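Novice: Kindly return the folded structure for what I paste below:
(2 chains)
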Amino acid sequence: LAAAAVARDEMVDGAGGLRPHWRSVLGAYAALTDGLAARARRLDRAVAEEGVAALLPSAGDPVSPWRCDPLPLPLPAAEFVALAAGLDQRARLLEAVLADLFGPQRLLAEGLVPPAMVFANPSFLRPCADLGGGVRLHFYAADLIRAPDGAWTVTSDRTDGAAGLGLARENRRLLARVLPEPFRPVQVRPLRPFFELWQESLHRLASPGRGNPSVALLSEGATHPYWFEHMLLARELGAALVEPGDLTVRGGAVFLKTLRGLQPVDVLIRRLAGRLLDPLELDSGPLAGVPGLLDAARAGSVRIVNDPVTGLLEAPGFAALLPALAGRLLGEPLQLPNATPGEPASVAPWLVGEGLEPRPVVLRLYLVHDGEGWRTMPGGLARVLTADAPEPGGALPGGGIAKDVWVLAEERADVIGLAPASAPPLELRRTAGELPSRVADNLFWLGRMVERIDRAARLVRAAVARVMRGGGTLPRELAELDCLLRCLVEARVLLPEVAQATASQSALAAALAGSVRERGAIGRAFAEIARLIESVRDRLTGDMYATFTATLRTAREETAAAGRNLDALGHALAAVQRFSALVAGLAAENMVRGGGWLFLDLGRRIERAQAVTAEAAATLDQPPARIEIGLRLLLELCDSVITYRARYLTVIQPAPVLDLVLADPGNPRGLAFQLASMHTLLDELSGDVGGAERLAATAAGLLAEAEALVGGVLAASDQTVAASALPPHLQAIAAELAALSDRVTRRYFALLPAAQALWGEAPAA
Amino acid sequence: VRYRVRHVTSYRYAETVDLACHLLHLSPRALPGQRVLAAHITAAPEPSRVVTREDYFGNAVGWLFLDQPHARFAVTLEAELDVAPPPPPAAAATPAWEAVVAAAMRTAAAEFVFGSPMAAAEAAAGHYAAESFPPGQPVLAGLLDLTARIRRDFVFRPGATSIATPVVRVLSQRAGVCQDFAHLMIAALRALGLPARYVSGYIRTRPPPGGAARRGADASHAWVGCWLGEEHGWVGLDPTNDLVAQDEHVVLGWGRDFSDVSPLRGIILGGGTHGVSVAVDLEPV
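Specialist: Residues are numbered from 1 along each chain as shown, chains lettered A, B, ... in the order given. So this is what the prediction gives:
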């Protein structure tokens, strides 16, 4: 019987006619003068740039990243109302089932739920049975397909995470940007009011008396396949995006570790599995979760939504029980039936090349409980079923073809959002204090790593140029190459045993080419930078993120393609340097001073100060007679050749070179500039969050030291002798810079020691 | 019999612990056959937050939070109780074990039929136990036989296992401590479809005059709660000593396995390597 069923078509009625609600949609698309395929390509590009295609390969994700089909799936207003009513009932039913299974368990005693489905299920989290706080289900999603008879049926209930909501929001945003025209004639209900409503209901969940409650979205972090979505949702809901390590429990309350200290958290949007929440009471391993979190939830100081136990209902088999449970718990028949296995989903047009092809689609709709009842988002995520992702339900795949869902408004009145809620006037803030310590830490290291990769690229490039020239035969060339190789060893790009000026050209070339491979210094820096960019992504604008990642990818691809070809390697290294310059420029022009920018820039300044100091120490480590070779190289490495020439023409003398590289506060590649910037940044940080006064004084002290060193060389009777005596002093400055970096880390990032589990003793040991 | 129990657990840390939280299943459970006259838990240093409540299984649980740096931590339970459990029914009067298997699913005992993190329904263990359960065997007769066989077939050897030793390992090496024997018996009974739960508590330190020395007496003890059907309910069987738990056993609480009711578990930040020492005394007053 089922085999005879033919999939229904969403767009046409089988008698050659267009379904009425498609008319206005197709009309609007037909009016596009530049063709749909061109728009589809623009949409693809926008999706890729905005980073649904992430830098990091997400764990175990074989499918291609998400794409957005330019054609939406329209739903008539009346149909949406009926769906919303059915899902409202389903959500109420699921809530009632949870209340029973984690309470009196009447459904088990009456035989309506088989014990194995509950007691043998690892998601039956006994310690979370009574966290309190009212409803357990706060948000909910359902996957639906339309059966051949035209009725919508449910293929799965998503009670744990309701993934894809951020994706749906992003699809709408990008579609409206790339294809604004159809939104004018077609009355599409907007999504934003739903998120406003959700945000308000989250605030109401905080314990009374918390004037301006703080909401955080708890994610596993940048390695999670849905990190991007967590970020979008956090932004949309005005929630801080946090990882378990950002939180700590003191005195039965949850706090976020920020630069200024512990800030209370009232509501946690849970985006990791319930069993990973609290290692004290659940089997999550000592390093996962937040110890004491469940106690804080029971104490009522924090609300966790969804409640940790809600994942239980995602177990296969529950849906089949719902018709009977609806009768028992609600006294009503189930309005939205479960899908019949094997029945085909309805098909909707999908743009392939220039034409439309009908493909089966599954619709995911989202609901949120506003404290009084369930509200359905007027929109959703439709997914084209493909060979890669054939399942019409269950966990959302890591990628595929998505469609925006247009709920059509019957009248203009429907489009109007909620009345704006009266919010208390906000306190003005201009400080960095609210920044989570982890984010500050990551930005600091991003600043350091971007500078480090630039330095490594510059050094390798300089060496490549010399090897290509076939230099290294004259004693003078050998001395210069030797000096450069010492810099490369010092920067940990080359190992001391391969960095010999007397080594064969091919051995040197191989060592230099190795630096950009996966395990080379530059290759490792690429991976680390990609990780850091991803982890601070919520602090970057979409454009900044897109530019960072695109440029980084280009640089990575170019270095990978270069292989052992030194000419190509030189060009690829230039791309690495462009990446680094671009990050600096974009950050300077786009990031608000204070906040994260302070740490990004501080990291860059400390790294560059260390590099200049180390390079000066290495190049001046010469007998006085050869000091000129070192000075020339130093000018080249500090990108200061042109400035020097403009000031002094071609005469190379120690004091002018060292003044430009070490003491001139106007040279952005020189040491003095870095120290002066560090002083300013640390001073600002003291004003913001305190505690950096002595760090700022250290930077000022180092600046005075550098000036004194150069002054000494200038006053010396023989400048070359004085200059070749500098390296020990420069090494002392480098050591003080390293100590300063450590002190910044300890003061602001407050790394707690690792957690470990205690098991008492084994009984009868 | 009136008992006084004293259970001290002390941790020494190589480095300072900055933050600690401890979860305690350390209060004797009030039962028809066990009256708790007094029970006090003390901790040093003084915790900054103490919470007590009942867990999912009805056991009393305590939370201790410490937020001041410390290098040592000790928890002491001191309690006084009257223990007089009703005697078990005559084995022959209990229903056939197959009937108990069938009845379990309709009652709250169903919770203890399914595998749990440390005591899965292990087929190999079930195979070992099957010998004690021929068709029609009254359930308690089978249980007593299994209890005696474990006592006979397995060597009590402290150090032979750790907290994480799986049941199949215990089964193959034929050695372990009371926790291992309890998990083994639970896994075996679950494999047969019989409900079985892990009971945490103490056994009296010195045997009654003329009795044999008991094993596992100077530490926490563990045995198995077995279900005899709705009429007779639960009975405690101690495979380590081949005993029916009566007036020599004091119950702290029960769960599916050790992980539900470990007397003390905690998460600490810092601490480096740590040492733990435990002393238990259960003496008649």
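
Novice: Near the nearest residue to residue A:330 once chain neighbours are set aside, how many other residues are there?
Specialist: Among residues not flanking residue A:330 along the chain, residue A:93 sits closest, at 5.8 Å (C-beta to C-beta, 6 or more residues apart in numbering or on different chains). For glycine as for every other residue, the C-beta is placed from the backbone atoms N, C-alpha and C. Burial of residue A:93 is recorded as 22 neighbouring residues (other C-beta atoms under 10 Å in any protein chain shown).

Novice: Give the buried residues for the strand or helix carrying residue A:93.
Specialist: Using DSSP states H and E, the element containing residue A:93 is helix A:77-101. Buried positions in helix A:77-101, judged by neighbour count with 16 or more other C-beta atoms under 10 Å in any protein chain shown: A:77, A:79-80, A:83-84, A:86-98, A:100-101.

Novice: Okay, the residue nearest to residue A:330 and chain B: tell me how far apart.
Specialist: Distance of residue A:93 to chain B, given as C-beta to the nearest C-beta, to the nearest Å: 23 Å.

Novice: Check residue A:410 too.
Specialist: 49 Å.

Novice: Confirm that residue sits in a helix?
Specialist: No - Residue A:410: not assigned to a helix; according to DSSP: H, G, I helix; E, B strand; the rest coil it is coil.

Novice: partners of residue B:49 in the sheet?
Specialist: On the basis of DSSP bridges, residue B:49 is bridged to residue B:65.

Novice: tally of neighbours for it?
Specialist: For residue B:49, the tally of surrounding residues (other C-beta under 10 Å) stands at 18.

Novice: Wait, it touches residue A:249, no?
Specialist: No - taking C-beta atoms under 8 Å as the definition, residue B:49 is not a contact partner of residue A:249, at 9.4 Å.

Novice: so the residue nearest to residue A:330 touches residue A:325, yeah?
Specialist: Yes - at 6.3 Å, residue A:93 counts as touching residue A:325 under the criterion of C-beta under 8 Å.

Novice: Quickly list what's touching both of residue B:49 and residue A:249.
Specialist: Residues touching both residue B:49 and residue A:249 (C-beta atoms under 8 Å, 6 or more residues apart in numbering or on different chains) are residue B:65.

Novice: looking at the sheet around the most centrally placed residue in chain B, what are its partners?
Specialist: For chain B, residue B:200 is the residue whose C-alpha lies nearest the centre (C-alpha atoms, centre = their mean; 2.5 Å). Beta bridges link residue B:200 to residue B:222, residue B:253, judged by DSSP bridges.

Novice: Now do the helix holding residue A:93: distance to the chain's middle.
Specialist: 33 Å (C-alpha atoms, centre = their mean, to the nearest Å).

Novice: And for stretch A:348-357?
Specialist: Relative to its chain's centre, stretch A:348-357 lies at 32 Å (C-alpha atoms, centre = their mean).

Novice: give me every residue that touches the residue nearest to the centre of chain B.
Specialist: Contacts of residue B:200 (C-beta under 8 Å, 6+ apart): A:763, B:25, B:220-222, B:251-255, B:258, B:261-263.

Novice: Out of those residues, which comes closest to residue B:234?
Specialist: Closest approach between the contacts of residue B:200 and residue B:234, by C-beta to C-beta: residue B:254, at 8.8 Å.

Novice: Is it correct that the closest one is in contact with residue B:59?
Specialist: Yes - using C-beta under 8 Å, residue B:254 is in contact with residue B:59, at 7.0 Å.

Novice: So for those two, which sits in the more crowded spot?
Specialist: residue B:254 (25 against 20).

Novice: contacting residues for that one?
Specialist: Contacts of residue B:254 by C-beta under 8 Å, 6+ apart are B:29, B:57, B:59, B:197, B:198, B:199, B:200, B:225, B:260, B:261.

Novice: Can you pick out the ones from the residues you listed that are in strands?
Specialist: If you go by DSSP state E, the contacts of residue B:254 have B:197, B:198, B:199, B:200, B:225 in strands.

Novice: ok, of the residues you listed, which come out buried?
Specialist: Neighbour counting by 16+ other C-beta under 10 Å classes B:197, B:198, B:199, B:200, B:225 among those as buried.

Novice: That's all I had, so thanks and see you.
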